[in-house]
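[1] fold the following, please.
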Amino acid sequence: MLAEYFPVLLFLVVATIIGVALIAIGNVLGPRRPDREKASAYECGFEAFEDSRLRFDVRYYLIAILFIIFDLEIAFVFPWATVFSSLGLVGFVEMGLFLGLLVLGFAYVWKKGALEWE
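    Residues are numbered from 1 along each chain as shown. Just a heads-up that it's a prediction; the model follows:
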């Protein structure tokens, strides 16, 4: 029974060797020309003008969480689309309810002003 897992073990060993070899080759052969400009702090093309521990507005996190939620919800549509023809009317109705709830949630978030950035 363990012989059946040998290809998986071989794959993991080869992948590890290739990964470590590529990192080692990059470290050995890669150019190293440090200068003051490369070592300086970089923030969107500007000099750092405030403390790096500056608190972000809560709305930033809210937008990020909403993006993740709606992005993951839409990811459920792709598997459904691949088997759409075999699901029939029941699958169509269930996905319609799912998308309806998604749109309802989006409308609620929009109405509450969570997407407004002042």
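
[2] where in the protein is pLDDT low?
    Within the chain, the segments meeting pLDDT under 70 span 41-52, 56, 118.

[3] the helix or strand hosting residue 7: which residues count as buried?
    Using DSSP states H and E, residue 7 sits within helix 6-29. Within helix 6-29, no residue qualifies as buried by neighbour count (16 or more other CB atoms under 10 Å). Glycine gets a C-beta too; all of them are placed from N, C-alpha and C.

[4] for the spatially most central residue of the chain, what are phi and psi?
    Nearest to the geometric centre of the chain sits residue 68, at 8.1 Å (CA atoms, centre = their mean). Per-residue torsions, residue 68: phi -60, psi -40 (degrees, to the nearest 10).

[5] ok now the strand or helix carrying residue 100, how far from the chain's centre?
    Assigned by DSSP H and E, residue 100 belongs to helix 84-112. Here the centre of helix 84-112 is set off from its chain's centre by 23 Å, with CA atoms, centre = their mean, to the nearest Å.

[6] helices or strands up against that helix?
    With contacts taken as 3 or more CB pairs under 8 Å, 6 or more residues apart in numbering; DSSP states H and E, helix 84-112 sits against helix 58-75, helix 77-82.

[7] how much space between the closest residue to residue 83 other than its chain neighbours and residue 6?
    Nearest residue to residue 83, sequence neighbours excluded (CB to CB, 6 or more residues apart in numbering): residue 91, at 7.6 Å. To residue 6, residue 91 is 40 Å away according to CB to CB, to the nearest Å.

[8] picking that back up, identify each buried residue in the helix holding residue 100, please.
    Buried residues in helix 84-112, counted by 16+ other CB under 10 Å: 95, 102.

[9] could you check the angle that helix makes with helix 58-75?
    Relative orientation of helix 84-112 versus helix 58-75 (axes from the mean of the first three to the mean of the last three CA atoms, to 10 degrees): 160 degrees.
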